[in-house]
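Novice: here is the input, now give the coordinates:
(2 chains)
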Amino acid sequence: MIKTEALHIQLGEFRLRNINISIGRNEFFVLMGPTGTGKTVLLEAIAGLIAVQKGAIWIDGEKVDTLSPEKRGVGIVYQDYSLFPHMTVKENITYGLRYHAKKKATAKDRFVNLVKELNLQHLLNRFPTNLSGGENQRVSLARALMIEPLVLLLDEPLSALDPRFREEIRESLKTLHKNSETTFLMVTHDFAEALSLADRAAVMNNGSIEQTGAVEEIFRKPKSTFVADFVGMKNFFAVKFAGNQARVNGLEFDVGGIPSGNCTYIAIRPEDIVLSKEKLHSSMRNSFAGIVTGLVDRGLYYEVWIESAGTPFKATVTKRSLVELGLREGIQIYLSFKATALHFF
Amino acid sequence: MKAKEPFFWVSISCGLIIMIFILLPLVEMLTAPSLSMITQTIQDKEVVRSIWLSIYTAGLAALFAFIFGTPLAYILARTSFPGKRLVESIIDLPIVIPHPVVGIAILSVAGKNHWIGQLFSEFGIRIMGSVTGIVTVLTFVGLPFYVNAVKNGFENISPRLENVSRSLGASMVATFFRITFPLARRSMLIGIIMCSARAISEFGAVVVVAYHPMIAPVLIYERFEGYGLRYSQPVAVWLVTICLVLFLMLRILTLKTGKTS
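Specialist: Next up, the predicted model:
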């Protein structure tokens, strides 16, 4: 549905280099990366709002590089909703209809369905300035989907919302995607959003794409240290291999077989580390003693900082196990993890 | 700032002095002529003609500013290009040039010794001593006020609104008329008022280009020179009243924008 080929964009200080993505029909694709990596620039380029220096963009098999934005069939939903403030909710939603003569016949049904699905009945005659963030974003979605675009571009649609609205819009996005033929391309800096919504994803860093693939795959097998860090792997160590052993500072890890390729880094997810007061005798072959150096309250869980032989680890525990283990700064603790929990780069 | 500090009292006093400095002469002038003189003045055909001329030449100046200034203001608000600062400074030039110099500058282009002036006279257009001349001068001095006000108005409209409109199928022209124009309407109105208020008060440049037909400020000056203060005051009262109405409209409109945005 969308394909970009060796796309180069220069916009002031911004630079996108060699962007190659390919998104299938009716796919939910997520473009991830920290703020300021050029995700929005890429979206606006696909929408035709920013000029492309080199490379090509295809939408639905058609090369659209020189096509003006209104002819591309690409809807866009911004983080700040960008509703037309001088129009009512109803006028906003039906704004695009007059430019799509073919779609007028089914417009009424679609309008009723969208209004129902997004729960907008009571808002139709109000102006956007008097609505909450969640309501605004629902209107913005309805407006974009009203003309049945080939592609819907979503620029961090959940970021500006309160957590409780965020959940609600996320659910709406899921259902809307399921019930429509439109291909969804969403930009976010939040990996959790990608996990819950997307089929496939790409991780961007500093103007280029680091990894593309199924979200699960990116989560489980990040290809670079940057991606690993982005998907929440906290423990990164430079590693030297000797037989079955991997040496990290003063520690020897059992890695269960030499990894192929030239690996220089090793990573473990914080949630894959098990903490215990006594040394565990289990199938986990890696077990080390360490000193707790810090406890950070992360809301739903605690992050525990542990130092073992000059190597800093981060592990996560629930509040309950925090109490059960009697964790506090300065005490000794054992950390254990399976060889399969290790990731190599 | 606490009420008892000396700095507070100094600030208050300075404010009061400025208020008095602005209001006292104006109030004095407005209350000097008797009611009968004021009503008499407005029955004077020459006065009515000059005030009407002032209003409609200023209005025409605002119209020209609207037609030619709006696209320019849009470009300045939406794009950045090398030399943009220079263009902006050129727009501001009429504000800083002494008024009689403006008149002389315009005459030096529209006069018989310049090819543009010769071209004009071939088409029967006369600048010197004509309504056309007055409108030309007033447009010249009023333009920067319009362009700057509307540029600010456009800048306050998120380009994303235009982006969304285009993605929904509207062309650039349709987007401008359905989104940008309605949202900038208030700033355009303010620009028109600022531009015409500036134009109505112009004297120095007009007097060089066209002493006759007489606009209100020129008439006031002539009455003052010929008959003295007492006879110029009533005309001034009428002109000032009109300017105040314009000013009031402007204030009300700006206050409203402040509330909604």
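Novice: which positions in the stretch 151-300 of chain A make contact with chain B?
Specialist: Contact residues (Cβ under 8 Å from any Cβ of the partner chain) of the stretch 151-300 of chain A with chain B: residue A:153. Heads up, the C-betas are built off the backbone N, CA and C, glycines and all.
Novice: ok and the residue in the stretch 151-300 of chain A nearest chain B?
Specialist: residue A:153 (8.0 Å; Cβ to the nearest Cβ).
Novice: ok, that residue - how many residues close by?
Specialist: The number of residues packed near residue A:153 is 27, by other Cβ atoms under 10 Å in any protein chain shown.
Novice: and what of the one 4 residues further on?
Specialist: Look at residue A:157: counted by other Cβ under 10 Å, it has 25 neighbours.
Novice: now stretch B:157-164: buried residues?
Specialist: Buried residues in stretch B:157-164, counted by 16 or more other Cβ atoms under 10 Å in any protein chain shown: B:157, B:160, B:161, B:162, B:163, B:164.
Novice: same question, stretch A:308-323
Specialist: A:308, A:312, A:313, A:314, A:315, A:316, A:317, A:321, A:322.
Novice: relative to residue A:174, how far out is residue A:56?
Specialist: Distance, residue A:56 to residue A:174, using Cβ to Cβ, to the nearest Å: 31 Å.
Novice: which residues does the residue of the stretch 151-300 of chain A closest to chain B contact?
Specialist: A:43, A:46, A:47, A:74, A:75, A:76, A:77, A:185, A:186, A:187, B:167 (Cβ atoms under 8 Å, 6 or more residues apart in numbering or on different chains).
Novice: between those, which sits nearest residue B:84?
Specialist: Nearest to residue B:84 among these: residue A:47, at 25.7 Å, using Cβ to Cβ.
Novice: I'd say that closest one and residue A:71 touch.
Specialist: No - under the criterion of Cβ atoms under 8 Å, residue A:47 makes no contact with residue A:71, lying 11.2 Å away.
Novice: residues in contact with stretch A:246-254?
Specialist: So stretch A:246-254 is contacted by A:237-241, A:244-245, A:255, A:266, A:285-286, A:288, A:308-311, A:339, A:342 (Cβ under 8 Å, 6+ apart).
Novice: quickly find the element holding residue 116.
Specialist: Just going to use chain A. helix A:107-117 (DSSP states H and E).
Novice: try chain B instead
Specialist: Using DSSP H and E, residue B:116 falls within helix B:115-122.
Novice: buried residues, the next helix or strand after that helix. List them.
Specialist: Going down the chain from helix B:115-122, the next helix or strand is helix B:131-155, by DSSP H and E. Of all the residues in helix B:131-155, those buried under the rule 16+ other Cβ under 10 Å are B:132-151, B:153-154.
Novice: hmm, back to that, now the contacts of residue A:153 in a markdown table, with distance to residue A:124 and neighbour count?
Specialist: Below are those laid out as a markdown table (distance: Cβ to Cβ, whole Å; neighbours: other Cβ atoms under 10 Å in any protein chain shown):
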| residue | distance to residue A:124 | neighbour count |
| --- | --- | --- |
| A:43 | 29 | 22 |
| A:46 | 31 | 26 |
| A:47 | 27 | 25 |
| A:74 | 26 | 28 |
| A:75 | 20 | 27 |
| A:76 | 22 | 26 |
| A:77 | 19 | 24 |
| A:185 | 28 | 27 |
| A:186 | 26 | 26 |
| A:187 | 29 | 23 |
| B:167 | 22 | 28 |
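Novice: so which of those residues are in helices?
Specialist: Counting by DSSP state H, these place A:43, A:46, A:47, B:167 in helices.
Novice: which ones are touching residue 214?
Specialist: In the absence of a named chain, chain A is used. Residues in contact with residue A:214 (Cβ under 8 Å, 6+ apart) are A:199, A:200, A:201.
Novice: I was thinking of chain B, sorry if that wasn't clear
Specialist: Residue B:214 touches B:46, B:49, B:50, B:53, B:222, counting by Cβ under 8 Å, 6+ apart.
Novice: mind checking which of these land in strands?
Specialist: With DSSP state E as the criterion, strands contain none of these.
Novice: filter those by proximity to chain A?
Specialist: Within those, nothing lies near chain A by Cβ under 8 Å from any Cβ.
Novice: so which of those residues wins on neighbours?
Specialist: That'd be residue B:50 among the contacts of residue B:214, by other Cβ under 10 Å, with 23 neighbours.
Novice: just to revisit the earlier point, now, among the contacts of residue A:153, which is nearest to residue A:6?
Specialist: Distance to residue A:6 across these (Cβ to Cβ) is lowest for residue A:46, with 14.6 Å.
Novice: any idea which element residue A:5 lies in?
Specialist: Using DSSP H and E, residue A:5 falls in strand A:2-11.
Novice: what packs against the helix or strand following that strand?
Specialist: Counting by DSSP H and E, the next helix or strand C-terminal to strand A:2-11 is strand A:14-19. Strand A:14-19 sits against strand A:2-11, helix A:39-47, strand A:208-214, with contacts defined as 3 or more Cβ pairs under 8 Å, 6 or more residues apart in numbering or on different chains; DSSP states H and E.
Novice: most tightly packed of these?
Specialist: helix A:39-47 (a mean of 23; mean count of other Cβ atoms under 10 Å in any protein chain shown).
Novice: contacts for the next helix or strand after it?
Specialist: Downstream of helix A:39-47, the first helix or strand assigned by DSSP H and E is strand A:54-59. Outside strand A:54-59, the residues that touch it by Cβ under 8 Å, 6+ apart are A:1-8, A:18-19, A:45-46, A:63-65, A:72-74, A:150-151.
Novice: next one: stretch B:61-81
Specialist: B:84, B:87-88, B:91, B:135, B:138-139, B:142-143, B:145-148, B:150-155, B:159, B:176, B:180, B:188, B:191-193, B:195-196, B:199.
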